[in-house]
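# Give me a 3D structure for the following:
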Amino acid sequence: MTRRIDRRIADAKTTVALPRRNGELVFEAPWEARAFGLAVALCEKGVYEWREFSAALASRIAAAEKENDPSGYYARWVASLEELAVEKGLVARGQLRARTLKLASDPHEDHDRV
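Now for the predicted structure:
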């Protein structure tokens with residue numbers, strides 16, 4: 001399954017294509033790589049099909065561009081991932097919001113343990 005996902009990621013349309021430099025994926029911060037890995041892992045586990053995630057991301061990107069939203073690619077990636085997690089019943093929207101607020105309120109907490 002990993003090879004199929006790798007191929008789908010590599011073949012992503014321009015609007016949802018991952019940022020690359022010299023053919024390599026580019027992550028500006030560790031959280032971006034974690035978000036990427038989580039999305040791929042959930043797909044590999046069968047939580048959703050890659051085309052579902054890709055469609056959610058394309059929709060999020062289109063909406064952000066229409067609204068002149070300055071959020072970056074991976075912020076849109078995370079928003080798409082969060083929406084799918086709620087839709088698939090992995091987390092309730094309220095739980096997601098509460099956990100996000102908790103993490104944001106304590107910048108010194110060891111977030112790798114969450």
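# what's the strand or helix carrying F53 packed up against?
Assigned by DSSP states H and E, F53 belongs to helix 50-66. Under the contact criterion of 3 or more C-beta pairs under 8 Å, 6 or more residues apart in numbering; DSSP states H and E, helix 50-66 touches helix 2-10, helix 30-44, helix 73-87. Backbone N, C-alpha and C define where each C-beta goes, glycine included.
# From R93, how far off is V40?
Distance, V40 to R93, by C-beta to C-beta, to the nearest Å: 23 Å.
# quick one: the helix or strand containing L103 to chain centroid distance?
For L103, the host element (DSSP H and E) is helix 93-105. Mean-position distance between helix 93-105 and its chain equals 17 Å (C-alpha atoms, centre = their mean, to the nearest Å).
# for stretch 82-90, same thing?
With C-alpha atoms, centre = their mean, you get 12 Å for stretch 82-90.
# One more: stretch 20-38?
Put simply, stretch 20-38 sits 11 Å off its chain's centre (C-alpha atoms, centre = their mean).
# List the contacts of it.
Stretch 20-38 is touched from outside by L18, P19, Y74, W77, V78, L81, with contacts defined as C-beta atoms under 8 Å, 6 or more residues apart in numbering.
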